[in-house]
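*Asks:* starting from these lines, generate the structure:
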Amino acid sequence: MLPDAGTYEELRRAFRWVLPAAYNIGVDTCHRWAAAEPDRLALLHRGPNRVDRWTFGDVSRAANRLSNVLRGHGIERGDRVAILLPQQPETAIAHVAVFSMGAVGLPLFALFGPDALEYRLADSGASALITDASGVEKVAELRDRLPALRLLISVDGPGDGAALGWADEISRASDRFTPVGTSPDDPAFISYTSGTTGPPKGALHAHRSLLGHMPGVEMPHDGFPRDDDRFWTPADWAWIGGLMDALLPAWHHGVAVVAHRPPGRFDPEDAFRLMAELEVRNMFLPPTALKLMRQVSRPRERFDHDIRSIGSGGEPLGSELLGWGRETFGLTINEFYGQTECNLVVSNRATMMPVHPGSMGRAVPGHEVAIVDGEGQPVGAGVLGQVAVRRPDPVMFLGYWNDAAATERKFAGSWLLTGDTGTQDEDGYLWFAGRDDDVITSAGYRIGPGELEDCLLTHPAVAMAAVIGVPDPERTERIKAFVVLRDGTGPADAALAEDVRDHVRRRLAAHEYPRDVEFVTELPLTTTGKIMRRVLRDRERERIAAAGTILLEEAPA
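*Replies:* Residues are numbered from 1 along each chain as shown. The predicted structure follows:
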């Protein structure tokens with residue numbers, strides 16, 4: 001646990017990793033709390049018409065029963081167990097049960113379609129799937145193509161032949177189970193990358209991964225935990241951001257977590273309502289959620305919330321969102337950075353060090369992060385290169401599942417290459433430029449989309465924006481902006497497009513303004529809320545190919 005006092009430099013110098021000889025995530029996050037304080041609150045589940053309370057004792061007993069069920073049906077240590085459920089008690093219980101028996105968890109997003117499910121279930125060789133009626137229906141058409149998948153358990157209703165019923169199986173099982181002895185380096189779960197380039201790859205993580213996450217959770221959440229802390233995130237627990245940035249780190253510290261399964265898309269007004277009703281104190285909010293919440297009118301007047309800390313990651317926040325956060329919550333949103341393979345390694349902490357809008361922050365104590373060139377050699381301050389993390393590191397993945405070649409390509413010497421470009425200044429702050437394939441090359445300049453998108457968000461008509469490079473015979477690429485307008489904004493016409501262009505040209509530089517502006521009703525997003533610029537680039541290439549020419553810019557420079 002990071003000390004709650006001292007300077008950033010003092011924390012970095014004093015920090016040492018201490019990993020136990022034996023370590024199991026299920027024991028650490030649940031069973032030890034159940035043994036010491038069985039009535040301690042673990043989970044508040046907000047359903048359609050009620051809020052259910054679960055203690056650590058409740059979760060532990062249910063997880064023990066499920067471990068016995070899985071073992072009774074032949075699931076052994078090392079087998080992959082898929083969990084296809086939204087935020088609800090059974091999801092958390094399943095993870096604890098799988099960890100405790102030494103199996104390997106496979107969290108899956110509940111809204112995945114059949115193709116996405118088939119790829120992940122087949123690639124991982126999952127032996128069991130815990131899901132609901134919707135998941136059973138999706139998998140029914142896939143069973144013949146998934147020979148390894150021999151056990152389905154549905155949390156909805158009794159077994160019906162296609163799947164065993166959770167309630168029936170749990171009720172017959174013992175609530176006593178002895179967790180297997182696992183080491184910190186034993187496999188614990190597989191988290192599939194978002195697949196922005198090529199098919200998704202399964203990042204295999206060890207039990208130590210949770211301990212590796214802890215400094216990166218404690219730093220942005222400002223001395224986490226404190227006595228009245230209570231954690232919530234709209235990020236699904238199927239993603240490393242929901243599971244390892246929120247649920248499991250909170251339970252590591254015995255902090256209660258709020259679970260909520262929204263009926264549809266993220267509702268920003270309901271998010272404010274949830275914070276107030278269930279007394280949320282700490283949140284992980286992706287930038288997309290923050291941008292939507294920013295559109296809610298008078299939140300401080302209408303919702304009696306008392307938020308203590310907010311962490312955010314996935315896209316740069318910029319000055320506009322930081323300013324809105326201070327006005328709305330009375331605190332600075334601490335941006336952090338990581339990726340599926342090596343998460344939460346850079347962070348801000350406003351109470352400990354100055355926050356520079358647009359910066360990801362500085363390396364979290366315990367992690368060594370640098371900007372390197374193509375050969376894996378660190379570069380100087382201000383030089384654009386690739387964000388890299390030195391190994392060994394407890395939070396770093398073990399490797400890609402069944403893909404040694406891809407694992408090898410991920411490293412250059414002792415550095416894990418994130419695939420993100422950025423710079424580091426003289427004070428150690430890291431600045432995100434973009435994905436390797438997101439960087440725009442225009443008239444000799446290499447331009448990252450993040451700064452432009454942040455600037456676009458300062459325009460009063462803009463709700464969301466994405467920036468890409470499109471082919472240009474003179475500049476190699478020219479900048480194009482896709483803009484979602486705020487509700488009630490005037491007509492999406494040429495005059496507004498020119499005003500948006502001028503806005504960026506005035507605030508940044510002449511070579512960085514978007515020469516093309518297209519107004520759209522929505523942007524393609526990953527299921528974790530990141531803008532899929534690759535999809536926008538592909539659409540533009542198809543449009544240009546169909547036209548048979550490179551289109552001229554829409555307005556003169």
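*Asks:* give me the low-pLDDT residue ranges for the chain?
*Replies:* When residues are selected by pLDDT under 70, those of the chain lie in 5, 159-160, 194-198, 263, 443-446, 473-474, 510, 527, 548-557.
*Asks:* in it, which residue is most central in space?
*Replies:* Against the mean C-alpha coordinate of the chain, by C-alpha atoms, centre = their mean, the closest residue is G241 at 3.1 Å.
*Asks:* what about the helix or strand that contains it, distance to the chain center?
*Replies:* Here G241, judged by DSSP states H and E, is contained in helix 240-242. Offset of helix 240-242 from its chain centre (C-alpha atoms, centre = their mean, to the nearest Å): 4 Å.
*Asks:* do I have it right that the residue nearest to the centre of the chain meets M283?
*Replies:* No - taking C-beta atoms under 8 Å as the definition, G241 is not a contact partner of M283, at 12.0 Å. C-betas here are computed from N, CA, C, even on glycine.
*Asks:* which neighbours do those two have in common?
*Replies:* Residues touching both G241 and M283 by C-beta atoms under 8 Å, 6 or more residues apart in numbering: T233.
*Asks:* just checking, next helix/strand downstream of the helix holding G241?
*Replies:* Proceeding C-terminally, helix 240-242 gives way to helix 248-252 as the next helix or strand, assigned by DSSP H and E.
*Asks:* other SSEs contacting that following helix?
*Replies:* Contact partners of helix 248-252 among helices and strands, from 3 or more C-beta pairs under 8 Å, 6 or more residues apart in numbering; DSSP states H and E: helix 208-218, strand 256-260.
*Asks:* point out the most buried one among those.
*Replies:* Sort the helices and strands packed on helix 248-252 by mean neighbour count, taking mean count of other C-beta atoms under 10 Å, and helix 208-218 sits at the top with a mean of 25.
*Asks:* roughly how far is that one from the heart of the chain?
*Replies:* Using C-alpha atoms, centre = their mean, the distance between the centre of helix 208-218 and that of its chain works out at 14 Å.
*Asks:* next one: stretch 530-538
*Replies:* Using C-alpha atoms, centre = their mean, the mean C-alpha position of stretch 530-538 is found 18 Å from that of the whole chain.
*Asks:* give the contact list for P200.
*Replies:* Contacts were defined as C-beta under 8 Å, 6+ apart; by that measure P200 touches Y119, R120, Y192, T193, S194.
*Asks:* buried only: go through these for me.
*Replies:* Buried members of those, scored by 16 or more other C-beta atoms under 10 Å, are Y119, R120, Y192, T193.
*Asks:* can you tell me how far the residue lying closest to Y192 once chain neighbours are set aside is from A122?
*Replies:* Spatially, and ignoring its direct neighbours in sequence, Y192 is nearest to P200 (4.3 Å; C-beta to C-beta, 6 or more residues apart in numbering). Noted for P200: a distance of 12 Å to A122, by C-beta to C-beta, to the nearest Å.
*Asks:* sticking with L204, tell me its helix or strand.
*Replies:* Assigned by DSSP H and E, L204 belongs to strand 202-206.
*Asks:* D437 contacts R534, doesn't it?
*Replies:* Yes - between D437 and R534 there is a contact under C-beta under 8 Å: 6.9 Å.
*Asks:* higher neighbour count, the two?
*Replies:* Neighbour totals were compared for D437 and R534, and R534 leads with 16 against 12 (other C-beta atoms under 10 Å).
*Asks:* the more buried one: what secondary structure?
*Replies:* Here R534 is recorded as helix under DSSP: H, G, I helix; E, B strand; the rest coil.
*Asks:* was I right about it contacting D436?
*Replies:* No - between R534 and D436 there is no contact, the gap being 11.5 Å when judged by C-beta under 8 Å.
*Asks:* now distance to E512 too, for the helices and strands packed on helix 248-252, in CSV please.
*Replies:* Compiled in CSV, the helices and strands packed on helix 248-252 are given as follows (distance: least, C-beta to C-beta, whole Å):
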stretch, distance to E512
helix 208-218, 31
strand 256-260, 40
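*Asks:* out of the ones you listed, which is closest to V345?
*Replies:* Of all the helices and strands packed on helix 248-252, the one in closest proximity to V345, counting by C-beta to C-beta, is helix 208-218 (6.4 Å).
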